[in-house]
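Engineer: 3D model of this:
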Amino acid sequence: MNTPVPAARPRSRWRRSGIGLRLLAAQAIVLAAGAVTTSVVAAVV
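Structural biologist: Okay, the predicted model is just below:
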């Protein structure tokens, strides 16, 4: 668990462990939530 992560390419490590996919999914969810919130606020105002 305490393996040192090379600072040069941390993204390849993310891709191998599948964390990159989770980050992309989380980002998409955040963007979707932001769009919904914006449309709701616009509808209320």
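Engineer: longest helix of the chain?
Structural biologist: Identified as the longest helix of the chain according to DSSP state H is helix 19-44.
Engineer: pLDDT below threshold where in the chain?
Structural biologist: Counting by pLDDT under 70, the chain has low-confidence residues at 1-17, 19.
Engineer: Would you mind measuring from T37 to V30?
Structural biologist: Between T37 and V30 the computed distance is 10 Å (CB to CB, to the nearest Å). (Glycine included, C-beta is placed from N, CA and C.)
Engineer: next one: V41
Structural biologist: Remark: distance between V41 and V30 (CB to CB) = 16 Å.
Engineer: Could you do T38 as well?
Structural biologist: For T38, the distance to V30 (CB to CB) stands at 12 Å.
Engineer: Then V36?
Structural biologist: For V36, the distance to V30 equals 11 Å [CB to CB].
Engineer: And the longest helix of the chain, what does it pack against?
Structural biologist: helix 10-17 (3 or more CB pairs under 8 Å, 6 or more residues apart in numbering; DSSP states H and E).
Engineer: For A33, give its distance to A26.
Structural biologist: 10 Å.
Engineer: now do V40
Structural biologist: 21 Å.
Engineer: ok, now G20?
Structural biologist: 11 Å.
Engineer: Please apply the same query to V36.
Structural biologist: V36 is 16 Å from A26, where distance means CB to CB.
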